[in-house]
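**Student:** Any chance you can model this:
(2 chains)
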2 protein chains.
Amino acid sequence: MSELALHPAAQDLLFRQARTANTFTTEPVTEDQVRAIYDLVKYAPTAFNQSPLRVVLIRSDEARERLVDLVDEGNRRKTAAAPLTAILSADNEFHEELPALLPHFPRAKELFFADRPVREESTLLNAALQAGYFILGVRAAGLAAGPMTGFDFTGVRKEFLDDDHTPLMVVNIGRPGADAWYPRSPRPAYHEVVTTV
Amino acid sequence: MSELALHPAAQDLLFRQARTANTFTTEPVTEDQVRAIYDLVKYAPTAFNQSPLRVVLIRSDEARERLVDLVDEGNRRKTAAAPLTAILSADNEFHEELPALLPHFPRAKELFFADRPVREESTLLNAALQAGYFILGVRAAGLAAGPMTGFDFTGVRKEFLDDDHTPLMVVNIGRPGADAWYPRSPRPAYHEVVTTV
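**Tutor:** So this is what the prediction gives:
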């Protein structure tokens, strides 16, 4: 793609060859790998630099069992077998950190985000943006991501989060195993997505 | 970053050196560039491959004037001067395309997305994910993105979209101009974002 500055190998790693994995090898995903992913994707933009994405890593057998019980039937086997699983959520109280994150405009906290419903709407959009960055970050580490929304949101919130955190998705992470993915489904054509005025 | 498979130059292009631009050169952003961005980012995952992001490109002077009137005061000058501006929205009727996008499971349309409120929640999350991919796609084209949520959502919906499309953000796109960005604000530390259970 001569129109792109990104190296073709990087295009493949992040977008073209990377796929949503449904099976994984047993190779562990290390803390250093997750730190490297975070230290990369944290730079991508959010509104007011609010950075509201929060991540719960499931590492203990006990926590994994509790999570597996809360995902849909069709997601259980892969979630039980993934070397690492992450619960991504949106922090509804992100404004508490805003003065530190936006030092040139500390009043943004009170001016724009005093109301919880406003925060809930803003954090949902911005944490979902960051979830997109995170999935590509997992791929940037040479790992496969298996994002899922098929789980009991209320149960996950109760078991692993709290009222101040809204679950967005659960992501299995690891090296792809045997028969890791289905054939790729078609994507919408450009003219179905992009219009010009 | 030895933990990452992504080449350091690509890390810089997408995350580390790329910044939210507030000024742009007059160099046009071509249709071929936007197509190349879309043809890259369309492969990143969404739930049920629903691919609900829609993009309105503002190219005519008439449309740009209408849009500039609808963005917040502080966003007007840069939106008036950007070589290209995109309105990103979520398609609340994405389920109509689902049988074509998910050929192995065409019943998903009726089974999961018959209800508009369910669709609205799902499209918001998934289109926001895709907005994250899109911003990184703009950077992959060697361009700078200037995403904004400071605009009249009701007005933009009325002027450029319809009831079936929920606006997410407006993104200025181009080569960065003089003094294109502020100093980068701090990001949350790893331990403030990631917990392990």
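**Student:** Need the nearest residue in space to the residue in chain A that chain B sits nearest to, chain neighbours excluded.
**Tutor:** Closest contact between chain A and chain B, by CB to the nearest CB, is at residue A:132 (2.6 Å). For glycine as for every other residue, the C-beta is placed from the backbone atoms N, C-alpha and C. In this structure, residue A:132 finds its nearest non-sequential neighbour in residue B:132, 2.6 Å apart by CB to CB, 6 or more residues apart in numbering or on different chains.
**Student:** contacting residues around that neighbour?
**Tutor:** A:44, A:128-133, A:136 (CB atoms under 8 Å, 6 or more residues apart in numbering or on different chains).
**Student:** Quick check: which element contains it?
**Tutor:** For residue B:132, the host element (DSSP states H and E) is helix B:116-140.
**Student:** And chain A, is the very next helix or strand once past that helix touching that?
**Tutor:** Once helix B:116-140 ends, the next helix or strand along the chain (criterion: DSSP H and E) is strand B:144-148. Yes - applying CB under 8 Å from any CB of the partner chain, one finds strand B:144-148 in contact with chain A at B:145, B:147.
**Student:** What mean pLDDT does strand B:144-148 get?
**Tutor:** In this model, strand B:144-148 carries a mean pLDDT of 98.
**Student:** Direction included, what does that strand pair against?
**Tutor:** Here strand B:144-148 has these sheet partners by DSSP bridges: strand B:165-174 (antiparallel).
**Student:** Name the nearest residue to residue A:142, ignoring sequence neighbours.
**Tutor:** Looking at residue A:142 with CB to CB, 6+ apart, the closest residue is residue B:5, at 3.2 Å.
**Student:** just checking, residue A:23 touches residue A:172?
**Tutor:** No - using CB atoms under 8 Å, residue A:23 and residue A:172 do not qualify as a contacting pair, with a distance of 9.5 Å.
**Student:** For these two, work out which one has more neighbours and name it.
**Tutor:** Neighbour totals were compared for residue A:23 and residue A:172, and residue A:172 leads with 28 against 19 (other CB atoms under 10 Å in any protein chain shown).
**Student:** circling back: was I right to think the residue nearest to residue A:142 contacts residue A:10?
**Tutor:** No - here residue B:5 lies out of contact with residue A:10, judged by CB under 8 Å, at a distance of 9.3 Å.
**Student:** Looking only at neighbour counts, state which of the two leads.
**Tutor:** residue A:10 (23 against 16).
**Student:** For chain A, just list every one of the helices.
**Tutor:** A:8-11, A:31-41, A:61-70, A:73-81, A:98-101, A:108-113, A:116-140, A:153-160, A:190-193 (DSSP state H).
**Student:** Kindly compare burial across those and name the winner.
**Tutor:** Per residue and on average, the most neighbours among the helices of chain A fall to helix A:116-140, with a mean of 23 (mean count of other CB atoms under 10 Å in any protein chain shown).
**Student:** tell me the average confidence for that one?
**Tutor:** The model assigns helix A:116-140 a mean pLDDT of 98.
**Student:** where does chain A have low pLDDT?
**Tutor:** Low-confidence segments of chain A, defined by pLDDT under 70: A:1.
**Student:** repeat that for 80
**Tutor:** A:1-2 (pLDDT under 80).
**Student:** Look up how far residue A:34 lies from the residue nearest to the spatial centre of it.
**Tutor:** In chain A, the C-alpha nearest the mean C-alpha coordinate belongs to residue A:131, at 3.1 Å (CA atoms, centre = their mean). Distance of residue A:131 to residue A:34, given as CB to CB, to the nearest Å: 15 Å.
**Student:** Ok, residue A:77 next?
**Tutor:** 23 Å.
**Student:** give the contact list for the closest residue to residue A:95 other than its chain neighbours.
**Tutor:** In space, and not counting its chain neighbours, residue A:95 is closest to residue A:113: 3.9 Å by CB to CB, 6+ apart. Counting by CB under 8 Å, 6+ apart, residue A:113 makes contact with A:94-95, A:98, A:119, A:122.
**Student:** Can you tell me which of the residues you listed is closest to residue A:178?
**Tutor:** Among these, residue A:94 lies closest to residue A:178 (CB to CB), at 40.4 Å.
**Student:** Run a quick neighbour tally on the closest one.
**Tutor:** 25.
**Student:** pretty sure it is touching residue A:125, no?
**Tutor:** No - contact criterion CB under 8 Å: residue A:94 and residue A:125 do not qualify, at 11.8 Å.
**Student:** how near is the closest residue to residue A:114 other than its chain neighbours to residue A:133?
**Tutor:** Spatial nearest neighbour of residue A:114, excluding adjacent residues (CB to CB, 6+ apart): residue A:95 at 7.8 Å. According to CB to CB, residue A:95 and residue A:133 sit 21 Å apart.
**Student:** before we move on, what about residue A:17?
**Tutor:** Residue A:17 sits at a distance of 19 Å from residue A:133 (criterion: CB to CB).
**Student:** what's the answer for residue A:110, then?
**Tutor:** Remark: distance between residue A:110 and residue A:133 (CB to CB) = 28 Å.
**Student:** cool, and residue A:8?
**Tutor:** 21 Å.
**Student:** Next: residue A:174.
**Tutor:** Counting by CB to CB, the gap from residue A:174 to residue A:133 is 19 Å.
**Student:** Residue A:29 too?
**Tutor:** From residue A:29 to residue A:133 the distance is 18 Å (CB to CB).
**Student:** how about the closest residue to residue A:166 other than its chain neighbours, what does it touch?
**Tutor:** In space, and not counting its chain neighbours, residue A:166 is closest to residue A:90: 4.7 Å by CB to CB, 6+ apart. Contact partners of residue A:90, counting by CB under 8 Å, 6+ apart, are A:52-54, A:123-124, A:126-128, A:165-166, A:168.
**Student:** do that again at 10 Å, thanks
**Tutor:** By CB atoms under 10 Å, 6 or more residues apart in numbering or on different chains, the residues touching residue A:90 are A:52-54, A:119-120, A:122-128, A:130-131, A:161, A:164-168, B:125.
**Student:** Over to residue A:133?
**Tutor:** Here residue A:133 is in contact with A:37, A:40-46, A:53, A:140, B:14-15, B:129, B:132-133, B:135-136 (CB under 10 Å, 6+ apart).
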